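S.K.: sequence first, predicted coordinates after that:
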Amino acid sequence: MRNLTIALILILTGCNKPPKKDFDFTFFKWNIHESYYLKFNSSDTLYYINSYGFKEETFFTILNKEEKENIQNILDTITFPKNDSYDSLVDDGETNAFILKNKNQEKKLKIHGHNGPNRFWLFGKSLEKIKIDHEFTKTNKKIDLSKINKMVLMPIPPTFIVDTLK
């Protein structure tokens, strides 16, 4: 009986689930035709924030297990470069930005105009495919985009004056 109890304790302690990965990932895409964010964390919910035009609208969808695992595998294995920005001299083109917060570590990258690591351009394309393949439901949830906006939005100069007609 004692051996059975010890074996049962060993089996139960050996069958613990692997620790849940706790992360927060934001992707931004901008070009002349669209501007949006995708927000993904440890759950299976993917948020899509359409920022094209003058108002932001937030939507969500539920990822299937395979999609969630694929994104998680990429986030676990992708290596962010030392430079956090690769720009081109041309203003048009496409911009992708990535921020990954994992525990107390934050990694970020902004790529523009086909400059930057190819693996991130490919990752951006795979995220775009997921966005296209899903039907999203509108929500009133507010998503904090302040960190990524510091990377991708130009600040208004303090000397900027709007000339209004009176």
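M.R.: Happy to help now that I have it.
S.K.: now do the same end-to-end measure for stretch 69-88.
M.R.: Terminal residues of stretch 69-88 are spaced 33 Å apart (CA to CA, to the nearest Å).
S.K.: quick check: mean pLDDT of it?
M.R.: Stretch 69-88 comes out with an average pLDDT of 89.
S.K.: for stretch 27-35, same thing?
M.R.: In this model, stretch 27-35 has a mean pLDDT of 91.
S.K.: and if you look at stretch 117-129?
M.R.: Stretch 117-129 shows a mean pLDDT of 94.
S.K.: tell me which strands and helices the lengthiest helix in the chain is in contact with?
M.R.: Secondary structure of the chain per DSSP state H: the longest helix is helix 118-133. Here helix 118-133 touches strand 23-30, strand 35-41, helix 65-77, strand 95-102, strand 105-112, going by 3 or more CB pairs under 8 Å, 6 or more residues apart in numbering; DSSP states H and E. (Each C-beta comes from the backbone N, C-alpha and C, glycine too.)
S.K.: the first one pairs with which strands?
M.R.: Paired neighbours of strand 23-30 in the sheet (DSSP bridges): strand 35-41 (antiparallel), strand 95-102 (antiparallel).
S.K.: CA-only coordinates of that strand, as PDB, when you get a sec.
M.R.: Listed next in PDB are the C-alpha coordinates belonging to strand 23-30 (Å, rounded to 0.1, in the frame of the first residue of the first chain):
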ATOM      1  CA  PHE A  23       3.400  37.500 -23.000                       C
ATOM      2  CA  ASP A  24       1.900  40.500 -24.800                       C
ATOM      3  CA  PHE A  25       2.500  40.900 -28.500                       C
ATOM      4  CA  THR A  26       1.500  43.800 -30.700                       C
ATOM      5  CA  PHE A  27       1.900  44.000 -34.500                       C
ATOM      6  CA  PHE A  28       1.300  47.200 -36.600                       C
ATOM      7  CA  LYS A  29       1.000  47.500 -40.300                       C
ATOM      8  CA  TRP A  30       0.700  50.700 -42.400                       C
END
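S.K.: in it, which residues are buried?
M.R.: Buried positions in strand 23-30, judged by neighbour count with 16 or more other CB atoms under 10 Å: 23, 25, 26, 27, 28, 29, 30.
S.K.: for the nearest residue to residue 87 once chain neighbours are set aside, what are its contacts?
M.R.: In space, and not counting its chain neighbours, residue 87 is closest to residue 112: 4.9 Å by CB to CB, 6 or more residues apart in numbering. Going by CB atoms under 8 Å, 6 or more residues apart in numbering, residue 112 touches 86, 87, 88, 93, 94, 95, 96.
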